[in-house]
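# got a predicted structure plus its sequence, pasted below:
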Amino acid sequence: MLNTRYQKGFTIIEVLFAIVLIGIAIASLVAANISSTKANAAGTNLSTAEFLVEQIKELTALLPVIDPQTGTDVFGPEEAVLADYDDLDDFDGASLSPPINANRETMIEFTAFSQQITVENVNPANFEQIVTDHSSYFVRVTVKVSMNSKEISSTSWIRTRL
Ligand SMILES: [Ca+2]
Ligand SMILES: [Ca+2]
């Protein structure tokens with residue numbers, strides 16, 4: 001009689017076990033939610049970084065690789081200010097924070113971000129190999145985007161002087 005009554009309900013051990021299982025399930029759901037929020041934030045930063053790289057790509061796309069006046073005399077800017085830069089190597093070493101858009105306007109809404117530009121001549125047979133400034137017709141432009149001084153992306157492309 002007594003045994004039958006016990007078998008109808010749950011023992012305290014079973015109840016505790018169920019509580020522990022539910023607890024684990026809730027904890028893992030919360031953990032999954034937190035990691036997807038983090039992934040979302042990282043995805044947003046990556047999209048912003050891509051956008052900021054695009055601005056530099058667009059800005060420099062139509063610029064000649066070497067200066068229209070002085071040619072290969074100077075590697076780097078011949079002009080005093082970025083607004084007057086008129087060839088690709090002028091942008092070598094530029095670190096822009098806040099970043100700029102394709103019209104060279106400062107984007108204060110992305111003030112935590114920066115664009116760092118590197119322009120290097122590369123071996124035509126091997127774009128991974130950097131050569132002396134102006135010693136080849138090929139240049140590699142690299143734009144690194146950082147957020148709060150932490151690099152989040154780096155993109156390179158090749159331009160040719162020909
Ligand atoms: Ca120039
Ligand atoms: Ca130049």
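Yep, it's here. Ligands and ions are numbered 1, 2, ... in the order given.

# my read: residue 139 touches residue 121, true?
Yes. Counting by C-beta atoms under 8 Å, residue 121 is a contact partner of residue 139 at 5.5 Å. Glycine gets a C-beta too; all of them are placed from N, C-alpha and C.

# all helices of this structure, in order?
Using DSSP state H, the helices assigned to the chain run over residues 2-8, 12-61.

# would you mind listing what in this structure touches ligand 1?
Taking C-beta under 5 Å from the ion as the criterion, the chain approaches ligand 1 at residues 67, 78, 86-87, 90.

# what do you get if the cut-off is 8 Å, keeping everything else the same?
Contact residues (C-beta under 8 Å from the ion) of the chain with ligand 1: 67-70, 74, 77-79, 84-87, 89-90.

# okay, the residues you listed in TSV with pLDDT and neighbour count next?
Formatted as TSV, the residues of the chain next to ligand 1 follow (pLDDT from 0 to 100; neighbours: other C-beta atoms under 10 Å):
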residue	pLDDT	neighbour count
67	96	22
68	95	10
69	95	11
70	95	10
74	95	16
77	97	19
78	97	16
79	97	13
84	97	11
85	97	21
86	96	13
87	97	24
89	97	25
90	97	23
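
# now do the shared contacts for residue 139 and residue 121.
With C-beta atoms under 8 Å, 6 or more residues apart in numbering applied, the contact sets of residue 139 and residue 121 do not overlap.

# tell me which of the residues of the chain next to ligand 1 is nearest to residue 132?
The closest of these to residue 132 turns out to be residue 89 (C-beta to C-beta; 12.7 Å).

# that closest one and residue 70 touch, don't they?
No. Counting by C-beta under 8 Å, residue 89 stays clear of residue 70, with 10.7 Å between them.

# which residues does the residue lying closest to residue 155 once chain neighbours are set aside contact?
Nearest residue to residue 155 in three dimensions, chain neighbours excluded: residue 53, at 4.6 Å (C-beta to C-beta, 6 or more residues apart in numbering). Counting by C-beta under 8 Å, 6+ apart, residue 53 makes contact with 115, 143, 145, 153, 155.
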